[in-house]
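Mind folding the following:
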Amino acid sequence: MAKVGKRIKAAREGIDRDATYALDEALGLIKERGTAKFDETVEVAINLGVDPRHADQMVRGVCVLPHGTGKSVRVAVFARDAKADEAKAAGADIVGAEELVQEVQGGKIDFDTVIATPDMMPLVGRLGKVLGPRGMMPNPKVGTVTPDVAKAVSDAKGGAVQFRVEKAGIVHAGVGKVSFTKDALSDNIKALLDAIQKAKPTGSKGSYLKRIALSSTMGPGIKVELASVAAE
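Numbering: from 1, shown residues only. Have a look, this model is predicted:
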């Protein structure tokens, strides 16, 4: 059995791993038990009643968190001419076309998210093997293939979180930092849950939202009462 470090042990004290907590109480426990020397990310895991192996049960989308993620995001945009100028004006870190494709193909990836105008997708499609495994391939379903590059850049910089259900039927997402207030974290979590509810697929039968758990980067998981998250 692996030895549990003092910090992890201290973080687990007072938490019943089998109990479910109201959202406000769960956030309080996470904020009290920051175990790392850095500002940890608060992460949510949502179990859904779907089987993503079926196309009509896939859950995917994007949510702009009202209080942002607390992370600095570097944005790359594939665009030309006026759209390239719009992207730069909106704060994009990297903007380009053929030359940017060559850089990425050569292994230079110094950005966190990618946006493209629709006309650039035949070109960007060449990068599927590079961007796909990193979860960075632009997709119209999450607003990263769009003619409105200024809004897409603004959203990405302002706290847009992409979500996609994994094979086990779970959505994982970062919803802020431990340093955020409980109210800010609560607002972000409820916004994400609302976006996931709106993305409910046609093939989902029975209970859609099954379980929710919160954790910090280095902290233990805490189960949350569904009713406390849905409540306004």
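
what distance separates stretch 102-118 from the centre of its chain?
Averaging C-alpha positions (CA atoms, centre = their mean, to the nearest Å) puts stretch 102-118 19 Å from its chain's average.

Would you mind listing the buried residues in that stretch?
104, 109, 111, 113-117 (16 or more other CB atoms under 10 Å). Glycine gets a C-beta too; all of them are placed from N, C-alpha and C.

from these, which ones fall inside strands?
Using DSSP state E, the members of those that fall within strands are 113-116.

any idea which of those residues is least confident?
Lowest-confidence member of those: T113, scoring 94 (pLDDT).

residues touching it, list them.
73-76, 136, 144, 156 (CB atoms under 8 Å, 6 or more residues apart in numbering).

what about 10 Å?
By CB atoms under 10 Å, 6 or more residues apart in numbering, the residues touching T113 are 73-77, 93, 135-136, 138, 142, 144, 152-153, 155-157, 160, 162.

Ok, K141 next?
58, 60-62, 162, 164, 199.

swap the cut-off to 7 Å and go again
Taking CB atoms under 7 Å, 6 or more residues apart in numbering, we find K141 in contact with 60-61.

Just the pLDDT for it.
pLDDT, read off for K141, is 86.

Does it belong to a helix, a strand or coil?
helix (DSSP: H, G, I helix; E, B strand; the rest coil).

circling back to that earlier point, would you turn the buried residues of stretch 102-118 into CSV with distance to V124?
Output for the buried residues of stretch 102-118, formatted as CSV (distance: CB to CB, whole Å):
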residue, distance to V124
V104, 9
I109, 13
F111, 13
T113, 13
V114, 8
I115, 10
A116, 5
T117, 9
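
State the pair within those that is farthest apart.
The most widely separated members of those, counting by CB to CB, are I109 and T117 (19.9 Å).

which of the contacts of T113 count as buried?
Buried among the contacts of T113 by 16+ other CB under 10 Å: 73, 75-77, 93, 136, 138, 142, 144, 152-153, 155-157, 160, 162.

A87 is in what secondary structure piece?
Per DSSP states H and E: A87 is located in helix 81-90.

what sits up against that helix?
In contact with helix 81-90 (CB under 7 Å, 6+ apart) are residues 77, 79, 95, 117, 149-150, 153-154.

hey, C-alpha coordinates of stretch 92-101 in CSV?
What follows is stretch 92-101 as a C-alpha-only set of coordinates in CSV (Å, rounded to 0.1, in the frame of the first residue of the first chain):
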residue,chain,number,x,y,z
ALA,A,92,-4.9,36.6,-30.2
ASP,A,93,-1.3,35.6,-29.4
ILE,A,94,-0.4,33.9,-32.7
VAL,A,95,-2.1,34.6,-36.1
GLY,A,96,-1.2,33.0,-39.4
ALA,A,97,-2.0,30.7,-42.3
GLU,A,98,0.4,28.5,-44.3
GLU,A,99,3.4,29.6,-42.3
LEU,A,100,1.7,28.8,-39.0
VAL,A,101,0.7,25.3,-40.4
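
how far is it from where the chain is centred?
24 Å.

I'd like the mean pLDDT over that stretch, please.
On average, the pLDDT along stretch 92-101 is 97.

ok, now stretch 149-163?
For stretch 149-163, the per-residue pLDDT values average out at 92.

and what of stretch 213-232?
pLDDT averaged over stretch 213-232 gives 86.

Tell me which residues are up against it.
11-12, 15, 19-23, 26, 29-30, 33-36, 40-45, 178, 189-190, 193, 209, 211-212.

Cool, thanks, talk later.
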